[in-house]
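**Student:** From the sequence below, what's the structure:
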Amino acid sequence: MSTTTNSPVLETTETAPAAGAGPEVAGPEASGSEVTVLTGRAPARPRRAQAPAAGSTEGSAPAGASRRLGHVSFVGAGPGDPGLLTLRAVELLAAADVVVLDAGAREDVVARHARDGVQVVDAAFAGDGEPTTRAARAKLVVKAARSGGRVVRLMDGDPSTFSGLVEEIAACRKAGVAFDVVPGVSAVSAVPAYAGVPMTAPGTTSVNVVHPAGRSVDWSRHAGADSTVVVLGTGDDIAAAAVGLLAAGRAPSTPVALTSHGTTTTQSTTTTTLGELEPIATAIDGSPTTAVVGDVVSLREQASWYETKPLFGWRVLVPRTKEQAGGVTALLAEHGATADVVPTISVEPPRTPQQMEKAVKGLVTGRYEWIGFTSVNAVRAVREKFAEYGLDARAFSGLKVAAVGGVTADALREWGIEPDLLPEGEQSATGLLASWPPYDEVLDPIDRVFLPRADIATDTLVAGLQENGWEVDDVTAYRTVRAAPPAAPVREAIKSGAFDAVVFTSSSTVRNLVGIAGKPHPSTVVACIGPATAKTAEEHGLRVDVLAAEPSAASLVEALAAYGEGLRAAAEEAGEPVLRPSQKKSSARRRSR
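**Tutor:** Numbers count the residues shown, from 1 in each chain. Next up, the predicted model:
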């Protein structure tokens, strides 16, 4: 096999691993290993571990075995950001019968990608609360496989780097359990990338990755000024690395980037020098931390992209149901924020179903020329009624379909229905009415419209359609009732200013949030989707800081991001630290009277 001197290769040098070595990022059971990536010279031959090669391995069943064993997939969960999961990892989680978790908290990943009813096994801690050993975790994996189903062993970072993979696949091999390995994104490269620190620069000759876990390391191997050293561990491990590197001759002025909670929205990076690193590292709690030592750290000012997002680290309150909040949550995450969804309404069936039943039967028998959907909930209500009658999207044949906006249109497309009419401008009942053609006796064989809506819907659309010559069946498809108050800690967070912002997507979300949880703290940035919502917020004593240019979730989040960017720019121009609204809690800001 040919190699080039410009292509880095991976060389693994293992010290005797600590008993019970754990996940990739530092923890109480991490192994004492080093991985060296060499550049600028011919590659060294890696030592081969005495373990089965990573890959699909059937193994041989024990003699006399009659019960079918399951299959184990060792899947890398990445360093923290759920978006770093591989496509294969998502596929396997969706098909899993059992998910065995590692030390890192991955419940959100399981909730998002695994099917309902999946069995989740916590392999991080034993029944007494103590961390489990590698051997104990291996037994849990084999036990799960003996149920005969598909087991996903979700491992932090990349399974093949600083984990108990070797012991666990050996246990599977011994038990005759088939397995495969799905690599994941490693903290070794991901955390520095999210911190804005490249691993190499033109003058870099090697990248040395050390995971000391409290063990003795020959730091003289990493003392060269032209090498980048990445240290994974606890604060104590990194403090020891600082002492070792200084003793080995590394210059005290060498730049260092210290990152905790890497690739998450709570990520925090501190830049310092090697000479000042020890006391800073010692003060860190036990959370996984990554230190990058080398001249590459000086590039952070140019390369930082994650922690400079306009809403980075913001905690945003989204008063909607989880089903409705998905789009807003994803958009906020793109700008670096974490969304806390608090339902303010509960969607319930109508008190009497006869009106809805009559309308659906009329739809099937050709009573209507149009059906107009003004919300995702309306789509869901009709779809559920169709399922009750054994109908599907084919019943819409010959019927014209209108949708109030893009989100509602997407819900129809998921059902296999392409809307015939969408507002050309404002995505609201007013905008839909402006785009709706008037009744024409020549062109329209039927003059009737079916509008499945909420019990509290306004009369704007109905009145406008009637003025344009249409007969309208305004049918209550669902009721909206105020949700139960959120948990006490959430109510306290709302009132005390723990949220940096709140996004209101309708007047009802304003009224209901104030009704069930009280007014947000004056420091909380208030963002509204449109003038009507803003007016309601002001009527409830709130000062509106952000108003969307268009009545859409995307426009609302973009406006909030622009506001956050303005706060950042103002702080930087004034030479002040960039603080989130919850960190400032200015007493000068008051609700409008």
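**Student:** For the stretch 251-400 of the chain, which segments are assigned as strands?
**Tutor:** Under the criterion DSSP state E, counting those that start in this stretch, strands of the stretch 251-400 of the chain are mapped to 255-260, 268-273, 289-293, 315-318, 338-341, 345-348, 370-373, 400-403.
**Student:** is it possible to export these to TSV including distance to Gly469, mean pLDDT and mean neighbour count?
**Tutor:** The C-beta positions use only the backbone N, C-alpha and C, and glycine is treated the same way. Listed next are the strands of the stretch 251-400 of the chain as TSV, based on distance: least, CB to CB, whole Å; pLDDT from 0 to 100; neighbours: other CB atoms under 10 Å:
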stretch	distance to Gly469	mean pLDDT	mean neighbour count
strand 255-260	65	96	22
strand 268-273	62	95	17
strand 289-293	68	96	27
strand 315-318	40	96	24
strand 338-341	42	93	20
strand 345-348	32	84	17
strand 370-373	12	96	26
strand 400-403	15	96	22
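**Student:** Relative to Ser508, which of the ones you listed is closest?
**Tutor:** Closest to Ser508 of the strands of the stretch 251-400 of the chain, according to CB to CB: strand 345-348, at 6.5 Å.
**Student:** where does the chain dip in pLDDT?
**Tutor:** 1-67, 103-105, 323, 585-593 (pLDDT under 70).
**Student:** Backbone dihedrals for the residue positioned nearest the centre of it, please?
**Tutor:** The centre of the chain sits closest to Pro82, judged by CA atoms, centre = their mean, with a distance of 5.0 Å. Reported as degrees, to the nearest 10, the phi and psi values for Pro82 are phi -60, psi -20.
**Student:** Around the residue nearest to it when sequence neighbours are not counted, how many other residues sit close by?
**Tutor:** Distances taken as CB to CB, 6 or more residues apart in numbering put Val109 closest to Pro82, at 5.2 Å, once the chain neighbours are dropped. A total of 21 residues lie near Val109 under the criterion other CB atoms under 10 Å.
**Student:** which one's the longest strand in this protein?
**Tutor:** strand 471-482 (DSSP state E).
**Student:** Neighbouring strands of that strand in the sheet, and parallel or not?
**Tutor:** strand 345-348 (antiparallel), strand 448-454 (parallel) (DSSP bridges).
**Student:** what would those strands look like in CSV with distance to Val382?
**Tutor:** Below are the strands paired with strand 471-482 laid out as CSV (distance: least, CB to CB, whole Å):
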stretch, distance to Val382
strand 345-348, 13
strand 448-454, 5
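**Student:** among the ones you listed, which is nearest Ala517?
**Tutor:** Between the strands paired with strand 471-482, strand 345-348 lies closest to Ala517; by CB to CB that is 12.9 Å.
**Student:** before we move on, the earlier item: just how off-centre is the longest strand of the chain within its chain?
**Tutor:** Between the centre of strand 471-482 and the centre of its chain there are 34 Å (CA atoms, centre = their mean, to the nearest Å).
**Student:** can you check stretch 382-393 too?
**Tutor:** Its chain's C-alpha centre and that of stretch 382-393 lie 33 Å apart, by CA atoms, centre = their mean.
**Student:** Just the buried residues of it, please?
**Tutor:** By neighbour count on 16 or more other CB atoms under 10 Å, the buried set for stretch 382-393 is 382-383, 385-386, 391.
**Student:** Export those as CSV, with columns for distance to Ala570.
**Tutor:** Formatted as CSV, those follow (distance: CB to CB, whole Å):
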residue, distance to Ala570
Val382, 48
Arg383, 48
Lys385, 52
Phe386, 53
Leu391, 57
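**Student:** Which one of the residues you listed is nearest to Gln267?
**Tutor:** Within those, proximity to Gln267 (CB to CB) peaks at Arg383, which comes in at 40.5 Å.
**Student:** ok, for that closest one, nearest residue in space, not its chain neighbours?
**Tutor:** Trp415 (5.9 Å).
**Student:** From Lys322, how far off is that neighbour?
**Tutor:** Remark: distance between Trp415 and Lys322 (CB to CB, to the nearest Å) = 20 Å.
**Student:** sorry, back to before: so which of the strands of the stretch 251-400 of the chain comes closest to Ala549?
**Tutor:** When the strands of the stretch 251-400 of the chain are compared by CB to CB, strand 315-318 sits nearest Ala549, at 18.6 Å.
**Student:** which helices and strands does that closest one pack with?
**Tutor:** Other helices and strands packing on strand 315-318, by 3 or more CB pairs under 8 Å, 6 or more residues apart in numbering; DSSP states H and E, are helix 322-334, strand 338-341, strand 501-504.
**Student:** Any chance of a markdown table for those, columns distance to Val256?
**Tutor:** Listed next are the helices and strands packed on strand 315-318 as a markdown table, based on distance: least, CB to CB, whole Å:
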| stretch | distance to Val256 |
| --- | --- |
| helix 322-334 | 29 |
| strand 338-341 | 28 |
| strand 501-504 | 33 |
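**Student:** Pull out the buried positions in the helix or strand harbouring Ser555.
**Tutor:** Remark: Ser555 resides in helix 553-573, with elements defined by DSSP states H and E. By neighbour count with 16+ other CB under 10 Å, helix 553-573 contains the buried residues 553, 555-561, 563-564, 567-568.
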